[in-house]
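*Asks:* Model the following, please.
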Amino acid sequence: MNYHFIAIGGSAMHNLAIALHKQGDTVTGSDDELFDPSRSRLAMYGLLPVEQGWFPQKINKGIDAIVLGMHAKADNPELKEAEKLGLTIYSYPEFLYNQSQNKTRVVIGGSHGKTTTTAMVMHVLNQNSIEFDYMVGAQLAGFDTMVKFSKSSKIAVFEGDEYLTSPIDLRPKFHLYKPHIGLITGIAWDHINVFPTFENYISQFATFVDLIQEGGSLIYFEPDKELQKIVSTGSRNLKIIPYTTHPHRIEDEKTFLITPDGEVEIAFFGEHNLQNIQGAYCVCKALGISDEQFYKAIPLFTGASKRLQLLNKSKELTIFQDFAHSPSKLKATIEAVKNQFPTKKLIACMELHTYSSLNKAFLDEYKGCMEKADEALVFYSNHAIQLKRLEPISPDMVEVAFEKSGLQVFTDSEELKKQLFFMEFKNSVLLWLSSGNFDGLSLTEISNELVEKMG
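*Replies:* Next comes the predicted model:
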């Protein structure tokens with residue numbers, strides 16, 4: 001097949017392009033912005049566009065299908081040319097569904113934890129040599145790409161994002177997958193630019209449940225009150241499987257799962273991850289994985305990229321990076337680190353980066369989220385606010401919203417970096433929290449320098 005990608009540089013889009021290239025399809029693409037790691041990975045496979053920008057002359061009748069990324073606009077010149085020629089146009093999730101129509105589809109959604117839970121399921125299947133297709137929103141150890149298809153697999157495991165499908169299809173992505181096994185990790189308001197009220201946001205998950213195939217399974221985090229309401233109003237023929245937090249204990253900064261056959265030490269931590277692991281267990285059971293297979297595989301799981309990822313450590317200082325940016329994720333990650341390292345000083349450094357987090361109407365949602373941190377720093381970029389065409393916010397507004405004593409707010413990344421090198425990190429954990437990059441700071445380099453400074 002001959003595919004052309006409009007906005008090939010997206011994290012999901014470039015992985016799909018590579019996956020199709022690896023299975024022998026012809027792939028071309030365009031984008032007006034290309035950054036690493038997408039740029040380097042596309043170049044590695046000979047898929048990097050020669051020039052950045054949109055070129056309608058690339059679009060012709062010889063293309064079997066267009067794959068349209070969310071970064072493109074509805075008036076994109078390549079898209080307009082494809083529409084004019086009557087070419088088949090897929091959004092990213094439409095393409096995934098089209099490739100998996102004859103497979104058992106597992107879709108893992110929720111406001112938080114969906115990437116990690118998906119990664120756990122993938123890890124267990126992989127460790128047990130079970131072939132499957134997949135799509136996940138982070139790079140994982142043991143997987144070359146974030147997307148894979150094969151003609152022989154009978155299972156497809158997809159991370160179910162609730163964000164919009166494409167510039168010409170405003171449905172949430174996870175509404176297109178029609179799973180046989182659907183899991184929801186929990187609901188906490190996010191994407192205020194798309195879902196302006198909490199009620200509107202909740203309704204997307206109710207629709208997701210309605211789209212689970214007849215006779216399929218709904219796995220959900222039982223303590224979540226909004227999920228309880230959704231489940232209680234359902235009347236379809238679904239197998240309802242609630243879950244909570246996996247039984248465990250923490251000792252000497254190590255976490256052990258309590259299983260029917262004894263304790264198992266794991267390489268990750270945090271109550272939210274123990275909830276994720278229980279959800280992953282329920283999915284694996286629904287796919288026919290035994291307890292023995294699951295608990296033999298899960299101790300080898302080291303996590304997904306930027307999900308409580310260890311950047312560096314010394315005797316005095318341990319540094320983690322986490323994708324947490326929404327209020328619920330931020331609070332859960334800080335509490336997880338504090339519980340795991342109760343005798344250490346916790347310095348939490350987070351970036352307001354998304355449309356929601358930089359929206360002054362949403363700022364109050366962060367109240368108390370950093371309370372468990374011993375020291376808290378918040379960074380945001382005024383340039384990012386301008387690019388997102390949002391109303392300006394001030395450091396004072398951020399301080400008032402977070403209600404965290406001693407909170408330091410920065411709008412200059414170099415000033416933030418300078419402050420970090422003035423701080424005392426004896427017997428400490430530093431936690432970077434963002435879905436962005438702190439306006440170009442190299443978190444790895446800074447972390448290495450800080451650890452070296454501590455000796």
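
*Asks:* Run through the stretch 101-250 of the chain and note the low-pLDDT ranges.
*Replies:* 235 (pLDDT under 70).

*Asks:* give me phi/psi at Ser100?
*Replies:* Here is the backbone geometry of Ser100 (degrees, to the nearest 10): phi -120, psi 20.

*Asks:* In this structure it contacts Asp133, no?
*Replies:* Yes - judged on C-beta atoms under 8 Å, Ser100 makes contact with Asp133 at a distance of 6.0 Å. No exception for glycine: its C-beta is placed from N, CA and C like everyone else's.

*Asks:* Mutual contacts of the two, please.
*Replies:* 149, 156 (C-beta atoms under 8 Å, 6 or more residues apart in numbering).

*Asks:* biggest helix in the chain by residues?
*Replies:* Ranked by number of residues, the top helix in the chain under DSSP state H is helix 271-286.

*Asks:* Can you give the contact residues for the next helix or strand after it?
*Replies:* Toward the C-terminus, helix 271-286 is succeeded by helix 291-297 as the next helix or strand (DSSP states H and E). Applying C-beta under 8 Å, 6+ apart, the contact partners of helix 291-297 are 123-124, 127-128, 257, 259-261, 264, 281, 284-285.

*Asks:* Give me the buried positions along helix 291-297.
*Replies:* Buried positions in helix 291-297, judged by neighbour count with 16 or more other C-beta atoms under 10 Å: 293-295, 297.

*Asks:* Out of the residues you listed, which is nearest to Ala43?
*Replies:* Ala297 (34.0 Å; C-beta to C-beta).

*Asks:* Do a quick rundown of the strands in the stretch 251-400 of the chain.
*Replies:* 254-259, 262-266, 309-313, 317-322, 345-352, 375-380 (DSSP state E, counting those that start in this stretch).

*Asks:* any chance of those in CSV, with distance to Gly46 too?
*Replies:* Rendered in CSV, the data for the strands of the stretch 251-400 of the chain read as follows (distance: least, C-beta to C-beta, whole Å):
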stretch, distance to Gly46
strand 254-259, 43
strand 262-266, 39
strand 309-313, 30
strand 317-322, 31
strand 345-352, 34
strand 375-380, 37
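
*Asks:* Tabulate those (TSV), appending distance to Asp439 and mean neighbour count.
*Replies:* Formatted as TSV, these follow (distance: least, C-beta to C-beta, whole Å; neighbours: other C-beta atoms under 10 Å):
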stretch	distance to Asp439	mean neighbour count
strand 254-259	34	16
strand 262-266	34	13
strand 309-313	18	16
strand 317-322	16	23
strand 345-352	8	24
strand 375-380	8	22
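
*Asks:* Please convert those to CSV, extending it with mean pLDDT.
*Replies:* As requested, the strands of the stretch 251-400 of the chain are arranged in CSV below (pLDDT from 0 to 100):
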stretch, mean pLDDT
strand 254-259, 96
strand 262-266, 96
strand 309-313, 93
strand 317-322, 96
strand 345-352, 97
strand 375-380, 98
